[in-house]
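predicted model, plus sequence, below.
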Amino acid sequence: MQERTSLPEPVQAVVSEALEIGSQVQPFSVESVEKAPRIRDAKLFHSVCPYCAVGCSLNVYVKDGKVIDIEGNPDSPINRGTLCPKGAATFQYAINPSRVTQVLYRAPYSDHWEVKSLDWAMERVAQRIKETRDSSFVERLPDGREVNHSLALAMLGGATLDIEENYLMKKLFNGGLGIVPIENQARI
Amino acid sequence: MAVESSQQQTAIPHYPQWEPLRSVVSTFVGNKVAPLPEQPKMGFFTDTSLCIGCKACEVACKQWNQLQAKNPSWTGTSYDNTESLGAITWRHVQFIEDIGPAAMLPPPLPLFGKLAEAKSEGLIPETPPGTALPFFNTERWLMRSDVCKHCANAPCQEACPTGAIIRTEFDTVYVQQDICNGCGYCVVACPFGVIARDDDGTHTARKCTLCYDRMKEGIEPACSKTCPTDSIQYGEVDKLKAHARERLGFLQQQGVQEARLYGVDDTILEGGLNSFFLLLDEPEVYNLPADPPRPSNHVAPASFWAVLTAIVLGIFSILFFKE
Amino acid sequence: MGSNMAEAHPVGFANVVKAKELGAKVIHVDPHYSRTSALANMYIPTRAGTDIVFMGAIIRYLLENNLYFHEYVLHYTNAASLVKESFRDTEELDGIFSGFDPETGNYVDQGSWDYQPGDDGHPLTDPTLQNPQCVLQIMRRHFARYTPEMVEQVCGVPREQWEVVVRTLVENSGRERTSALCYAVGWTQQSKGVQIIRTAAIMQLLLGNIGRPGGGIMALRGHASIQGSTDVPTLYDLLAGYMPQPAAMIEPQEQEAKDRPTDTTWGEASGKHASALSQQTLEEYLSSSGQKFGWWSNIPAYMRSLLQAWYAEAANEEDGNCVYRWIPKITGDHSHLATTYDMLDGKVKGYLLFGQNPAAGSTDSRLQRKALQQLDWMAVFDLYETETASFWQRGPVPHLDVVDPSQIKTEVFFLPAAGSTEKSGTFTNTGRLLQWHDKAIDPPGDARSDLWYVYQFGKRLKQLYAGSQEARDQAIQALTWDYERIEPEPGSRILDDPDSELVLKEINGYYVYPPGQTGGPGSESLQGPLGLREAPHVPNFGALKVDGSTACGSWIYSGVYPEPGKNLAASRTPGGHTFLQWGFSWPANRRILYNRASADPQGRPWSERKKYIWWDEAAKKWTGDDVPDFPINKPPDYTPPPGATGIDALSGSDPFIMKPDGKGWLYAPKGLRDGPLPTHYEPAESPVHNALYTQQSNPAARYYKGKPFNKLAAVGDENYPIVITTYRLTEHHVSGQMTRWMPWLNALQPALFAEISPELAAEKKIKNGDWIIVSTPRGEIDARALVTRRMRPLRVQGRVVHQIGLPFHWGYKGRVKGSITNDLAHMVLEPNVSIEEAKAFTCNIRPGKLL
């Protein structure tokens, strides 16, 4: 639009600016001009998607101690920044008002939950594990074979457990307490 | 996926001696700031031949833009429970089932004779790949991620009386939420049913921003970034359009004769679309108007300011271009 | 086949789409036309549960027409190995193999399946492949009846469609090309799941597609670290790295040890058949679990290192035997589903559930919920209230088994858990790739990571047992259990969070006695024993020792954390042909297993196009794009000297180093509970009789006949004539516990539906969108009808068979609710791995809504 003019350069610039504004009517608001992505200046953490087993790499952006955005990590050869709808929704999995953040307890024959302290629940469950294990522990079968096990306490883990978590579960419950029915979603 | 971009931030030129002229211009165009320096035109190419209907684009859009979820309601329309674009739905994946009635035993494919005859003793022959398998099933489940078309000549913008709808420096169509008064003229103007007023939330008109905030820092929009199969591609419109034409050629070469482009040439809405599509059937199959009407003639004229601005700028141009 | 990859693994499927763009042919064989089918070059509808016929016919075709990859098959598989004369095939026994005991439903005598042992301990072979007892000839006979006509009759697939598959596979396999197979729970959740995968393995071995780039059988595992949960197992029958959990009673469980065969010696470390051995001592365990030849000969070092990691110095008593005896012995099937029956019988008192939801996610869910009522107590660790945690509540959606809380004794604890972004640790993906995830923020409120919970329970329990004098409590007392952070994590308010990298170090392994010292443990001059914190890392599993000088939590993961500050699971350097700097894949960061097979017997690439690992004659070592899965300096022409054992007993052209004969097993001489070769059996519930044999369904499957609730429809039962299969949708995850609380996802798939064909809909007077009731002998559920041509009736054995499909993501908790599809499924378990048959059973439908 400028080639027909022979005006001095500054005039030309303003004119073209005017024409730009005028011909397309571009009234930018201050907000539009100042708009910036919210992840600017956020702290970046690398995570892995908790859903299927493809193992997509996640970028987790944190600002003021809060997760503000989760999206695919473009460096990953697995997902190259992409995600499926579940992965793309990981933000809502973590940041969600429906999450339970206190210990809930249902007494035998009760019809409701009660809120309890974490410490109370830890002690009580530890006691329950010990009682159940001790009352059901078998050292030898009737025919004399040594088994050193308990079958009365079962564990079932989901497969969003970290391998470190799996390891300690097997070590404590199997290697430490002799619990046998330790299972995982891997079987399902 | 982002197609390679030459986009860069250029400094705004500033000439103090001509500031008065600038302020005159600003006066006439409204109490807004001047536009940012022009960048390469950016847009989407949505290639439906790669879509797996996963809807990641819908969710990534919601996540980035922190949009409310639609109330869950099962529609029974294939796997589409989103139904349409709207004020809080800026990407929408359509599902179109195009499958013929079942024959109890489908007819044999007339592709091969007896395999064994073609084989000799010994190693498996080193033939090139390509049994005559079609590129797609003959039984088709079409999927398409719909989005704002960012029309080169956008009816919504024409209809907007407040100047809320602008073309950004990337030539995208953007609704400024701090300006929009929710009058709704744009809603009826859009021939694609894209833009809508958020009656439960902001009471303003809302639609895809092409992730304007991300673009400003050269970050790819959320939907195209998340798309696993690159069905949604983002980039400079010219390059994307060239790529779309190549892609069409490739698919036709593969025997996908139904493939066609939508919005790439300038015929649609007198200028084409900055967000365009590769379709695997007639546009109407995807609920796209083959020849969308320009609704400006049945929308109330734009506001006083827009008219005045046009007049004043007309005068300006006459003055400056007089030989 | 057996996978809806585009929906269950969308980002993985992107690679399939990309390959297709580059010319690969994608074929989807499945009962249900899904988003995977839509993108494929070809979709073939098939009847659920008939995969072995479809692929068995391909195997027959390859053999009959001499289309297999001769050089690969001859050198790299056991095609030439001779099987015992006493072996009887299904051809002779009408659908069962020799050794079956109808009383117990087990193959009690598997001795006849074994190879004919030669003088050197290796099996006898016939390289001409003519001996009628050689594997190839046995296979010819076995698969003779798997004809294209049978594919039409049994699968309902027209021969022409099947031929396209054969042709495409053949043309795209060989020296220049490879083909890959992808499967998921569409195969594993069948009463013969392992044998279906075996069929695929045989097919791929015949085509030369194993151990080569672009080949293989891709097990698409379903959850972030489901592979990790198998490798570092929370499974009853495994210790870390696929070492078996010691057993008090070896399979077959129903027989006394003295009755078991002892006549097979080939490949066994002890020279005796595993079934004959007790595992009361470590020595017995090692000799029955180990092997004389091949990589598994290293099991003593791996086991000893595990004991060292768990019990430290106590492991040195009796060379490890003392602590070995503490490890609990299994006495039968203690798998999840078998344990459910124990629960129903009141034998299980307590239940710990870490992120798992059996009340909606496990098969026959109604039975699961009944079982939970029999518990004394249960603790659920999760982010959201699950169906399982709230099984005692009066259901907010009507379901037929309305519960009365006042009648339920179970004490329930719900402990809030942390999400993956709120803790650091490792996931192992479906490609065996370990990837570390950082902790971004603290979990909210009282929520804690599962690692925190287990660690803190461990500390409390050690305290509770501290004063005990009981022998049975020695294990917990001796258990090493210090993962305390030296300094709290910066910015975290949870001060007692354990250090997950310290746990990873234990899994990787460390030197209890630093290397390079002379003498063994106990020797005065040695530096050590060192504890986890101060000990040097072992660099890889090659460093593990049998003498107690090393500790290692899982040998196959050894090498992931080879030195301080070098956590390879957290390595994130992109680039390279095989991305060796991104994460760490076990074992030893190998990306393709058995990749020695990517070169010919002489060590040269099969072709330039498919070059991957090859022998570098100048450097005298294996090299290539990946970490060679082979002794690095063993030349291709190496022949084992007489009497060689371990890995040295395998030749330079034996790529399958985990196998005692170094060969890919077309025929499995041991290790499977339902036969050495795959055989088609109908699903436990089927509309038709088995067209191949009199034997209707897998004879070795566990049917739990006579157990309450687990009723099965009879063959061809007119009350349940419709085949039903279940699957995932892209928009939700398994039972929905991780997605149904999320409005964004709920809007995309808000309700349970059943996909039915227009033909079936017309027959049942059902319109699209109607409510329908789906019934099986286990119970009824309701769902919306999605009438779609994507489901289509098939013609099977002269009659029309209808199939319907249901996703299984709903339940009575969450922000969207719906019936539990798993209420319909039964509890017949696959014999090798105890997995249910949720992908092929029978049902009926009618219009209507429950309550």
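Perfect, I can see it now. In this text, all values refer to a predicted model and were calculated from it rather than measured experimentally.

residue 182 - how many residues pack around it?
Since you didn't name a chain, this refers to chain A. Counted with other C-beta atoms under 10 Å in any protein chain shown, the burial measure for A:Ile182 works out to 28 neighbours. Using the backbone N, CA and C atoms, a C-beta is placed for each residue, glycine as well.

that's the wrong chain, I meant chain C
Residues contacting C:Cys182 under the criterion other C-beta under 10 Å number 22.

how about the strands in chain B?
B:42-47, B:91-98, B:140-147, B:165-167, B:173-175, B:196-197, B:205-206, B:232-236, B:260-262, B:275-279 (DSSP state E).

repeat for chain A
A:43-48, A:57-63, A:66-72, A:103-106, A:114-116, A:138-140, A:146-149, A:153-157, A:182-184.

just send those strands back as a markdown table, with mean pLDDT and distance to C:Ala714 too.
What follows is the strands of chain A, written out as a markdown table (pLDDT from 0 to 100; distance: least, C-beta to C-beta, whole Å):
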| stretch | mean pLDDT | distance to C:Ala714 |
| --- | --- | --- |
| strand A:43-48 | 98 | 47 |
| strand A:57-63 | 98 | 50 |
| strand A:66-72 | 97 | 50 |
| strand A:103-106 | 98 | 41 |
| strand A:114-116 | 98 | 48 |
| strand A:138-140 | 96 | 40 |
| strand A:146-149 | 96 | 39 |
| strand A:153-157 | 97 | 32 |
| strand A:182-184 | 95 | 31 |
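
pLDDT below threshold where in chain C?
Applying pLDDT under 70 to chain C picks out residues C:249-266, C:270-276, C:395-401, C:518-525.

picking up where we left off before, I'd like the strands of chain B as JSON lines, with mean neighbour count and distance to chain C appended.
As requested, the strands of chain B are arranged in JSON lines below (neighbours: other C-beta atoms under 10 Å in any protein chain shown; distance: least, C-beta to the nearest C-beta, whole Å):
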{"stretch": "strand B:42-47", "mean neighbour count": "28", "distance to chain C": "11"}
{"stretch": "strand B:91-98", "mean neighbour count": "20", "distance to chain C": "6"}
{"stretch": "strand B:140-147", "mean neighbour count": "24", "distance to chain C": "4"}
{"stretch": "strand B:165-167", "mean neighbour count": "25", "distance to chain C": "27"}
{"stretch": "strand B:173-175", "mean neighbour count": "26", "distance to chain C": "22"}
{"stretch": "strand B:196-197", "mean neighbour count": "19", "distance to chain C": "16"}
{"stretch": "strand B:205-206", "mean neighbour count": "24", "distance to chain C": "17"}
{"stretch": "strand B:232-236", "mean neighbour count": "24", "distance to chain C": "12"}
{"stretch": "strand B:260-262", "mean neighbour count": "19", "distance to chain C": "18"}
{"stretch": "strand B:275-279", "mean neighbour count": "24", "distance to chain C": "13"}
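
okay, the ones you listed in CSV with mean pLDDT next?
CSV is the format used below for the strands of chain B (pLDDT from 0 to 100):
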stretch, mean pLDDT
strand B:42-47, 98
strand B:91-98, 96
strand B:140-147, 97
strand B:165-167, 96
strand B:173-175, 97
strand B:196-197, 98
strand B:205-206, 98
strand B:232-236, 98
strand B:260-262, 97
strand B:275-279, 98
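
wait, which of these is closest to C:Met742?
With C-beta to C-beta as the measure, strand B:91-98 is the member of the strands of chain B nearest C:Met742 (17.0 Å).

please name every helix or strand in contact with that closest one.
Packing contacts for strand B:91-98, counted by 3 or more C-beta pairs under 8 Å, 6 or more residues apart in numbering or on different chains; DSSP states H and E, involve helix B:56-65, strand B:140-147.

can you put those in a markdown table and add distance to B:Tyr262?
Output for those, formatted as a markdown table (distance: least, C-beta to C-beta, whole Å):
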| stretch | distance to B:Tyr262 |
| --- | --- |
| helix B:56-65 | 18 |
| strand B:140-147 | 10 |
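
of these, which approaches chain A most closely?
Nearest to chain A among these is helix B:56-65; the distance by C-beta to the nearest C-beta comes to 4.1 Å.

determine the longest strand present in chain C.
Longest strand in chain C, counting by DSSP E: strand C:779-787.

helices along chain A, start to end?
Remark: helices assigned in chain A by DSSP state H are A:9-24, A:30-34, A:85-88, A:90-94, A:118-136, A:163-169.

what residues does the stretch 101-250 of chain B have near chain A?
Contact residues (C-beta under 8 Å from any C-beta of the partner chain) of the stretch 101-250 of chain B with chain A: B:157, B:163, B:166-168, B:174, B:176-179, B:212-214, B:216-217, B:219-220, B:222, B:225-228.

the longest strand of chain C pairs with which strands, parallel or anti?
strand C:753-756 (parallel), strand C:771-776 (antiparallel) (DSSP bridges).

is the helix or strand just after that strand anywhere near chain B?
Downstream of strand C:779-787, the next assigned helix or strand under DSSP states H and E is strand C:794-796. Yes: Strand C:794-796 comes into contact with chain B (C-beta under 8 Å from any C-beta), by way of C:794-795.

give me the residue from the stretch 151-300 of chain B nearest chain A.
Nearest residue of the stretch 151-300 of chain B to chain A: B:Gly163, at 4.0 Å (C-beta to the nearest C-beta).

can you give me the helices for chain B?
Using DSSP H, the helices of chain B run over B:19-29, B:56-65, B:115-118, B:155-159, B:185-189, B:212-215, B:222-226, B:237-253, B:304-321.

what's the mean pLDDT across the last one?
Across helix B:304-321, the average pLDDT comes to 55.

and for stretch B:290-298?
pLDDT averaged over stretch B:290-298 gives 72.

comparing the helices of chain B by mean pLDDT, which bottoms out?
Least confident of those, judged by mean pLDDT, is helix B:115-118 with a mean of 38.

let me know the distance separating the residue most central in space within chain C from C:Gly361.
Nearest to the mean C-alpha position of chain C, by C-alpha atoms, centre = their mean, lies C:Thr230 at 7.2 Å. Per C-beta to C-beta, to the nearest Å, C:Thr230 is found 18 Å from C:Gly361.
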